[in-house]
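Engineer: quick one: sequence plus predicted model below, questions after.
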Amino acid sequence: MFPLSALTYVKLAAGALILLGSIWFGWHLRDVDFQSYKAKQAIETQKLQEAHQASADRIESEKNAQIRDINTKLVDAISELRSRPSRAQATGTGSCGTGATLYADDAEFLVREAARADIIRTGLAACYDQYDALNK
């Protein structure tokens with residue numbers, strides 16, 4: 001019924017078990033190596049992310065300090081402009097090429113626009129700084 005002896009079948013089964021065990025053991029070693037590699041990469045990525053976040057936080061705080069300074073200067077400039085006559089109170093033409101004769105309304109508009117431009121410029125500089133910090 002069986003063309004080979006029982007000992008031959010036992011030897012073939014033992015060989016197949018050894019072969020399958022070797023394959024599993026090799027796979028297991030590679031899996032352990034890969035898991036340790038992934039763990040190292042996760043740690044390095046976390047450190048890099050923390051460094052980038054610290055840099056971004058520093059840049060953001062510097063930007064916010066500059067914006068607070070701009071807003072403080074804006075409030076000071078607008079309070080100084082309150083002493084100027086408004087357009088409704090003016091009677092003369094006052095055609096002059098300097099800003100000294102601007103009406104309070106016009107001067108306040110221009111000061112606010114300049115402050116708005118400075119805030120945008122500060123935000124853009126912070127954006128460039130953060131981008132450059134990521135590319136180091």
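Structural biologist: Perfect, I can see it now. Numbers count the residues shown, from 1 in each chain.
Engineer: is the residue nearest the centre of the chain within a helix or a strand, and which one?
Structural biologist: Among the residues of the chain, the one closest to the centroid is residue 56, at 5.8 Å (Cα atoms, centre = their mean). Residue 56 is part of helix 6-81 when elements are defined by DSSP states H and E.
Engineer: packing partners for that helix?
Structural biologist: Applying 3 or more Cβ pairs under 8 Å, 6 or more residues apart in numbering; DSSP states H and E, one finds that helix 6-81 contacts helix 104-134. Heads up, the C-betas are built off the backbone N, CA and C, glycines and all.
Engineer: for the helix it packs on, packing partners?
Structural biologist: Packed next to helix 104-134, using 3+ Cβ pairs under 8 Å, 6+ apart, are helix 6-81.
Engineer: coming back round to it: skip the chain neighbours and tell me the closest residue to the residue nearest to the centre of the chain.
Structural biologist: Leaving aside its chain neighbours, residue 56 sits nearest to residue 130 (5.6 Å; criterion: Cβ to Cβ, 6 or more residues apart in numbering).
Engineer: look up how far residue 55 lies from the one you found.
Structural biologist: Residue 130 is 7 Å from residue 55, where distance means Cβ to Cβ, to the nearest Å.
Engineer: okay, the residue nearest to residue 56 and residue 40: tell me how far apart.
Structural biologist: Residue 130 is 27 Å from residue 40, by Cβ to Cβ.
Engineer: who has more neighbours, those two?
Structural biologist: When residue 130 is set against residue 40 and neighbours are counted by other Cβ atoms under 10 Å, the residue ahead is residue 130, at 17 against 10.
Engineer: tell me which residues touch the more buried one, please.
Structural biologist: The contact partners of residue 130, by Cβ atoms under 8 Å, 6 or more residues apart in numbering, come to 55, 56, 59.
Engineer: can you put those residues in CSV and add pLDDT?
Structural biologist: Putting the contacts of residue 130 into CSV (pLDDT from 0 to 100) gives the following:
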residue, pLDDT
55, 93
56, 94
59, 95
